[in-house]
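Chemist: Below are the sequence and a predicted model for it; my questions follow.
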Amino acid sequence: MNTKTLIATPLIGLAVIGAGIGAAGIASAGTLPTDGNTIAMTIYNDTDQTMTLTGDYTSSGDFIAAPQDTLAPHSSEIVTASVTDWDGFTAVVNYGVPNTNTIATFEANNTPQGASTDGTQVGGYFAHRYDLSSNIDSAFPNMNASFTIAPNGGLVY
């Protein structure tokens, strides 16, 4: 066996193990149903605060992966929901930002007429301290949207 083979064999083994771990991570994310429409919401908490779930609901259907009770600073989660008809539905997740009397509402509306994040907002006394952005990556019947809450860097307190 030459030196190149001695070096390449362990590296190939690590690559195969790494690919297996990556595939396991994808598989554990779950599969969405195909018998209706779905919503997948990726929520990013880009603040230094742990946010606490204050409420969630769907207008019809059910959560598949419900929101976490808390969302740690600088972390994210994927919330999924589905309904077995093709009429469309809405999923809403509300998180409170501690010590600020602020509520962040993340809303995804998935209908045959189009997808929107209308209703997404930050409210409360210190709402002006935060920016909340959203982006729709795909629309009806399988909506994918991402949301980010971050401190408003331009404000002086």
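Modeler: Arrived safely.

Chemist: if I look at the residue minimising distance to the centre of the chain, how far off is Gln113?
Modeler: By C-alpha atoms, centre = their mean, the chain has its centre lying nearest to Thr42, at 1.4 Å. Distance, Thr42 to Gln113, by C-beta to C-beta, to the nearest Å: 23 Å. C-beta coordinates here come from the backbone N, C-alpha and C atoms, glycine included.

Chemist: what's the answer for Leu53, then?
Modeler: According to C-beta to C-beta, Leu53 and Gln113 sit 29 Å apart.

Chemist: who has more neighbours, these two?
Modeler: Leu53 (15 against 9; other C-beta atoms under 10 Å).

Chemist: The more buried one and Val79 touch, don't they?
Modeler: No. Under the criterion of C-beta atoms under 8 Å, Leu53 makes no contact with Val79, lying 10.3 Å away.

Chemist: Now do the strands in this structure.
Modeler: Using DSSP state E, the strands found in the chain span residues 37-45, 51-58, 62-65, 70-71, 75-83, 89-97, 102-111, 114-116, 121-124, 130-138, 142-151.

Chemist: mind giving me the domain ranges of the chain?
Modeler: When the chain is parsed with automatic domain parsing, its domains come out as 1-30, 37-151.

Chemist: now the end-to-end length of the longest one.
Modeler: Between the opening and closing residues of domain 37-151 there is a gap of 33 Å (C-alpha to C-alpha, to the nearest Å).

Chemist: Hmm, Ser82 is touching Ile64, no?
Modeler: Yes. Ser82 is within contact range of Ile64, at 5.9 Å (criterion: C-beta under 8 Å).

Chemist: Can you pull the residues that touch both of the two?
Modeler: Taking C-beta atoms under 8 Å, 6 or more residues apart in numbering as the contact rule, Ser82 and Ile64 both touch Leu32, Pro33, Thr38.

Chemist: Would you write a ChimeraX line that selects the buried entries of the residues you listed?
Modeler: Buried members of the shared contacts of Ser82 and Ile64, defined by 16 or more other C-beta atoms under 10 Å, are picked up in ChimeraX with:
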select :32,38
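
Chemist: Please identify the one among the shared contacts of Ser82 and Ile64 that lies nearest to Ala127.
Modeler: Ala127 lies nearest to Thr38 out of those, by C-beta to C-beta, at 30.0 Å.

Chemist: thinking the closest one is in contact with Thr84, fair?
Modeler: No. Applying C-beta under 8 Å as the test, Thr38 and Thr84 come out as separate, 10.3 Å apart.
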